[in-house]
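J.: Here is the input, now give the coordinates:
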Amino acid sequence: MNEPRPEAHDHGAAALTDAMALCFRILRIALALAVAAYLLSGLTIVRPQERALALTFGRLPADGAARVWTPGFHWAPPRPFAEILRIDAERIRTLEVGAPRPSLGPVGAPAEGDGWRQYTMSADANLVRGRWALRYTVADPEAFLLHFGDPAQALSNEFQRAVLAVAAQTPVDPLLRGDVEGVRAAIEDALRARIGALGLGVRVERVETLALDPPAAVAAAFDDVVQASQERGTRISEAREYAARRINEAAGEASKMRSEAATYRARIVADTQA
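T.: Have a look, this model is predicted:
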């Protein structure tokens with residue numbers, strides 16, 4: 001039997017050594033690229049309308065300037081060491097209270113009752129159904145995202161609270177027709193004060209009154225009152241017009257009589273002197 005030559009063993013070992021060295025080099029390069037890609041995954045782009053929070057091990061950094069990221073490029077340790085919370089801070093959000101209930105019956109079946117969820121009681125113990133809308137933006141992302149478990153629900157609760165509080169201090173006539181703008185402004189002011197006290201991190205842009213009506217069961221009575229009020233206003237206006245017209249006519253007749261009296265007096269004086 002022929003034994004392998006020593007030169008063949010040397011060439012095989014050298015080839016195996018070169019192959020292993022190449023594999024280790026490729027592995028090091030791949031590992032370096034993987035580490036670089038992992039570190040680059042911590043790069044975050046915050047869009048112009050956004051704000052972001054970077055939680056490292058569940059905490060914000062102590063530096064106040066770095067707590068809330070403004071638009072631009074930012075870096076934080078990749079997951080699982082850090083978590084990025086984004087929020088569209090400049091978008092105007094809408095929250096409604098008093099929206100109609102969805103129908104719980106079969107599809108196409110009419111809803112039970114009048115379908116209104118939000119009823120308020122006025123200062124003179126009248127019920128009013130209404131819908132209000134809140135337009136708001138996020139002014140403090142840290143407070144909005146971290147200080148409350150469900151900030152939208154907390155804001156909705158405070159909005160309803162402001163509506164109920166203002167309505168309870170306002171008689172039904174100003175609430176429904178007399179001072180709707182004043183009621184809206186009062187709700188807005190009350191909500192701003194409450195949000196500031198709680199630190200919700202929200203900026204109230206505007207509160208809008210979408211609908212205000214009496215309950216359906218007494219709507220006809222309210223319509224009769226409105227009609228009577230309109231008729232009263234019409235009659236008062238007609239009476240004032242009649243009074244103004246009669247005063248003008250009387251003033252004209254008085255002026256005519258004074259003129260005729262002055263003419264008669266002048267004639268009598270002239271006759272007497274003659």
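J.: If we ignore the residues flanking it in sequence, what's nearest F57?
T.: F81 (6.6 Å; CB to CB, 6 or more residues apart in numbering). C-beta coordinates here come from the backbone N, C-alpha and C atoms, glycine included.
J.: tally of neighbours for the one you found?
T.: Neighbourhood size, F81 [other CB atoms under 10 Å]: 11.
J.: Please report phi then psi for it.
T.: Phi and psi for F81, reported as degrees, to the nearest 10, are phi -80, psi -30.
J.: same thing with H147?
T.: The phi/psi pair for H147 (degrees, to the nearest 10) is phi -90, psi -10.
J.: wait, it sits on G201?
T.: Yes. With contact defined as CB atoms under 8 Å, H147 reaches G201; the gap is 7.1 Å.
J.: Look at those two and report which has more neighbours.
T.: Just comparing H147 and G201: by other CB under 10 Å the higher neighbour count belongs to G201, 21 against 14.
J.: ok, that one touching L146?
T.: No. Contact criterion CB under 8 Å: G201 and L146 do not qualify, at 9.1 Å.
J.: so where do the strands sit in this structure?
T.: 43-46, 50-56, 72-75, 82-88, 93-97, 119-121, 127-138, 202-213 (DSSP state E).
J.: which stretches of this structure have low pLDDT?
T.: Applying pLDDT under 70 to the chain picks out residues 1-12, 62-66, 99-118, 215-219, 226.
J.: got the angle between the helix ranked longest in the chain and strand 202-213?
T.: When the chain is parsed with DSSP state H, its longest helix is helix 219-273. For helix 219-273 against strand 202-213, the angle between stretch directions is 80 degrees (axes from the mean of the first three to the mean of the last three CA atoms, to 10 degrees).
J.: So what angle separates the directions of helix 219-273 and strand 127-138?
T.: Using the same axes, to 10 degrees: helix 219-273 against strand 127-138 is 100 degrees.
J.: Spell out which residues sit in contact with R192, please.
T.: V204 (CB atoms under 8 Å, 6 or more residues apart in numbering).
J.: Would you mind measuring from it to L134?
T.: Distance of R192 to L134, given as CB to CB, to the nearest Å: 11 Å.
J.: Repeat that for P78.
T.: 38 Å.
J.: These two: which has the busier surroundings?
T.: L134 (24 against 15).
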